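Student: any chance you could fold what I've pasted below:
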Amino acid sequence: MLARPRVLLPLTGLLVAGSLAMTSCASSGGSSGASASPPGASTNIASASETPTSIAATTTTTASSGGGSAASLVPASIKSKGTITFAMDASYPPDEMVKSDGHTLEGFDVDLANAIAGQLGLKAQTQNVTFDNIIPGVQSGKYDVGMSSFTDTKEREAVVDFVDYFQAGEGYYVKAGSSKKFNGLQSLCNATVSVETGTTEESDAKAQAKKCKVNVLSFSDQNQANLAVSSGRADVGFADSQVAAYIVKQSNGQFQNTGTAFEVAPYGIATAKGNGMDKAIQAAVNALIANGQYTKILSKWGVQAGAVKSATLNGATS
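Tutor: Presented below is the predicted three-dimensional model:
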């Protein structure tokens, strides 16, 4: 399963982060989040690694549909404020990112946060927070919720409660019209694969190359990795599953996904240990699944393959 060790962001350098909070995302070891755009696309996309930045953008959205059973589960300390603060590191497209205006947050986690707040009868306040400060901030009460593509792990469950709401893994994309099929690491044998340097996918591809013939092309950013696929230098591109889906969605028809996600693990929404907010959020997410809004949000960002049938509590993978 994947972690989020670094993120390459436009106009910023790489920062090193290595705490309990740092393992995120889906796949087997490194992680994701380099933002870059596929050829012909106008939106930045994440690749597979993350180093958070310290930006402090805040967006508030008014509640739209509260008053149901989920709202009745909100702890009094949060209900009395009338707002719910979601902390997220907006450096991981398409999950969470900063819009071109430099401060407004967007992404499927942002849309889900707003929808969850609506179900709870609260106003959503999304804050862009350095990744490794999110879980400590939730623990201290500075933030009500941490929602930033956290992989639910036993280590994290020791300090926060999780509502598992999405699944992510590793995935492939190929040039549109390609007849070549890829599914799982074994399928890379006798193929040329394009990856971003320093990612879990690079490590996994190189590990597979020790078992069979795999030509691994590593690039310093995702744009170059995408270009290798679109130009035919590489047979297949390899990234986090939802990132691969987003690359395809933003490629103006240049790419298509192939195979299914593997090394899949759950993403969790983090809440303070034992305060009951996890049950309120679980009820809100399940209401969104039931009314179709959950699927609509994921489909908007091209990540519907990671949808779950129901939100569960503390389903750590390791």
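
Student: quick one, helices of the stretch 101-250 of the chain?
Tutor: Remark: helices assigned in the stretch 101-250 of the chain by DSSP state H, counting those that start in this stretch are 108-120, 134-140, 154-157, 200-209, 222-230, 241-249.

Student: deepest-packed of the ones you listed, please.
Tutor: Using mean count of other C-beta atoms under 10 Å, the stretch among the helices of the stretch 101-250 of the chain with the largest mean neighbour count is helix 241-249, at a mean of 27. To be clear about C-beta, it is placed using only N, CA and C from the backbone, and glycine gets the same treatment.

Student: what mean pLDDT does the helix or strand following it get?
Tutor: For helix 241-249, the following helix or strand on the C-terminal side (DSSP states H and E) is strand 255-272. Averaging pLDDT along strand 255-272 yields 93.

Student: just give me how far stretch 228-240 sits from the chain centre.
Tutor: Relative to its chain's centre, stretch 228-240 lies at 21 Å (C-alpha atoms, centre = their mean, to the nearest Å).

Student: measure how the biggest helix by length in the chain sits relative to helix 108-120, angle-wise.
Tutor: When the chain is parsed with DSSP state H, its longest helix is helix 277-291. Relative orientation of helix 277-291 versus helix 108-120 (axes from the mean of the first three to the mean of the last three C-alpha atoms, to 10 degrees): 100 degrees.

Student: pull the residues that contact helix 277-291.
Tutor: 68-71, 73-75, 78, 112, 115-116, 119-120, 144-145, 161-163, 165, 269, 271, 294-295, 297, 308-314 (C-beta atoms under 8 Å, 6 or more residues apart in numbering).

Student: for that helix, C-alpha coordinates in CSV please.
Tutor: The C-alpha trace of helix 277-291 is given here as CSV (Å, rounded to 0.1, in the frame of the first residue of the first chain):
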residue,chain,number,x,y,z
MET,A,277,-17.6,12.3,15.7
ASP,A,278,-16.6,9.2,13.7
LYS,A,279,-20.1,7.8,14.1
ALA,A,280,-21.6,11.1,12.9
ILE,A,281,-19.4,11.2,9.8
GLN,A,282,-20.0,7.5,9.1
ALA,A,283,-23.7,8.1,9.1
ALA,A,284,-23.3,11.2,6.9
VAL,A,285,-21.2,9.3,4.3
ASN,A,286,-23.6,6.4,4.3
ALA,A,287,-26.4,8.9,3.7
LEU,A,288,-24.5,10.4,0.7
ILE,A,289,-23.9,6.9,-0.6
ALA,A,290,-27.6,6.1,-0.3
ASN,A,291,-28.8,9.3,-2.0
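
Student: could you look up the next helix or strand downstream of it?
Tutor: Taking DSSP H and E, what comes next after helix 277-291 is helix 293-300.

Student: would you mark the buried spots in that following helix?
Tutor: 293, 294, 297, 298 (16 or more other C-beta atoms under 10 Å).

Student: among those residues, which one sits closest to residue 222?
Tutor: residue 298 (21.4 Å; C-beta to C-beta).

Student: skipping adjacent residues, who's closest to that closest one in space?
Tutor: Distance criterion C-beta to C-beta, 6 or more residues apart in numbering; nearest residue to residue 298, sequence neighbours excluded, is residue 304 at 4.3 Å.

Student: can you give me the neighbour number for the one you found?
Tutor: If you count neighbours by other C-beta atoms under 10 Å, residue 304 ends up with 16.
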